[in-house]
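1. Next input, structure requested:
(one chain, ligands or ions: 1)
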Amino acid sequence: MTEIELLIDFHKDAERQGPGSTADTLKALSFIDLPRGKPLKVADIGCGTGAQTLTLARQIAGHITAVDLFPEFLDQLNRRAQELGVQNKITTLQKSMDDLSFSTKEFDIIWSEGAIYIMGFAAGIHQWKPFLKPGGYLAVSEITWLTNTRPAEIEAHWNREYPEIDTAAGKMKVLEEQGFSPVGYFILPPASWIENYYRPMEARFEAFLERHKHSEPAKTQVEADRDEIEKYKRFKDYFGYGFYVAKKMPGV
Ligand SMILES: C[S@@+](CC[C@H](N)C(=O)[O-])C[C@H]1O[C@@H](n2cnc3c(N)ncnc32)[C@H](O)[C@@H]1O
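-> Got it, this is the predicted structure:
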């Protein structure tokens with residue numbers, strides 16, 4: 001199995017593939033001021049198995065196009081949508097987030113939890129912006145420094161892994177430079193990482209290793225995940241996911 005196949009195998013049965021919670025999704029949604037009378041068109045980019053897609057589907061009148069690169073995740077999302085009876089509100093689309101062919105001004109909302117980093121925050125906003133109607137909203141969670149200075153170890157780690165990491169002020173500047181007006185920001189609480197993401201991951205490690213007969217690539221993956229969990233627990237006062245909700249201003 002390739003590294004990617006192992007990753008998919010490890011994550012496909014999980015409820016979510018990144019930190020978050022139903023409460024976080026609802027809180028971000030609460031900043032969006034759009035007429036609820038008419039059906040909304042929403043894109044959820046990097047949806048994974050769709051924890052947030054399903055929350056949105058239950059909350060809004062309208063339709064969600066849920067995009068992910070991996071069909072295994074989209075299959076799970078479709079199965080869950082059926083179980084919850086919201087399948088008519090969701091269309092899944094297997095496509096890369098940097099190769100989307102939506103129409104100009106197609107969506108009222110573009111949503112993306114824990115995924116815009118794959119393209120990079122600025123590049124993602126730049127490429128997705130045309131798909132939003134003027135007055136439409138972008139709602140994205142993004143790795144963010146929570147303090148202006150931090151220990152050298154974690155600074156070096158994130159500068160290596162994701163040099164675009166910045167403080168909330170830096171991220172809002174990027175949004176403003178691209179014609180968005182930030183309307184809401186909050187930090188995901190540690191429970192959204194530990195209880196909703198890391199603890200379920202830890203519970204899957206052993207079965208994953210056994211399924212792959214403790215192969216070296218499987219062990220390497222688990223070690224990397226354990227290291228990530230340990231870093232989060234040690235340095236969670238310095239970094240986290242910021243949730244940014246911003247309105248596309250007219251004339252952009
Ligand atoms: C950290 S996970 C977040 C998933 C989900 N939004 C959540 O919060 O549970 C990132 C997601 O982006 C997807 N992804 C990775 N590369 C992608 C690409 N080039 N285009 C679209 N989706 C991609 C992964 O399959 C994964 O589901």
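
2. Please tell me how far A81 sits from T91.
-> Distance, A81 to T91, by Cβ to Cβ, to the nearest Å: 10 Å. Placement of C-beta: from N, CA and C, glycine included.

3. so where's the protein uncertain?
-> Nowhere does the chain drop to pLDDT under 70.

4. Measure how far the single longest strand found in it is from the centre of its chain, please.
-> Taking DSSP state E as the criterion, the chain has its longest strand at strand 132-145. In this view, strand 132-145 has its centroid 11 Å away from the chain centroid, taken as Cα atoms, centre = their mean, to the nearest Å.

5. for that strand, packing partners?
-> Strand 132-145 makes packing contacts with helix 22-30, strand 107-112, helix 121-128, strand 166-167, helix 168-177, strand 180-187, strand 239-248 when contacts are defined by 3 or more Cβ pairs under 8 Å, 6 or more residues apart in numbering; DSSP states H and E.

6. Relative to the ligand, which of the ones you listed is closest?
-> The ligand sits nearest to strand 107-112 of all the helices and strands packed on strand 132-145, at 6.9 Å, using Cβ to the nearest ligand atom.

7. what about the closest one and the ligand, touching?
-> No - for strand 107-112, no contact with the ligand is found by Cβ under 6 Å from any ligand atom; the gap never falls below 6.9 Å.

8. before we move on, back to that, just put the helices and strands packed on strand 132-145 in JSON lines and tack on distance to Q52.
-> Output for the helices and strands packed on strand 132-145, formatted as JSON lines (distance: least, Cβ to Cβ, whole Å):
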{"stretch": "helix 22-30", "distance to Q52": "5"}
{"stretch": "strand 107-112", "distance to Q52": "7"}
{"stretch": "helix 121-128", "distance to Q52": "16"}
{"stretch": "strand 166-167", "distance to Q52": "23"}
{"stretch": "helix 168-177", "distance to Q52": "19"}
{"stretch": "strand 180-187", "distance to Q52": "15"}
{"stretch": "strand 239-248", "distance to Q52": "11"}
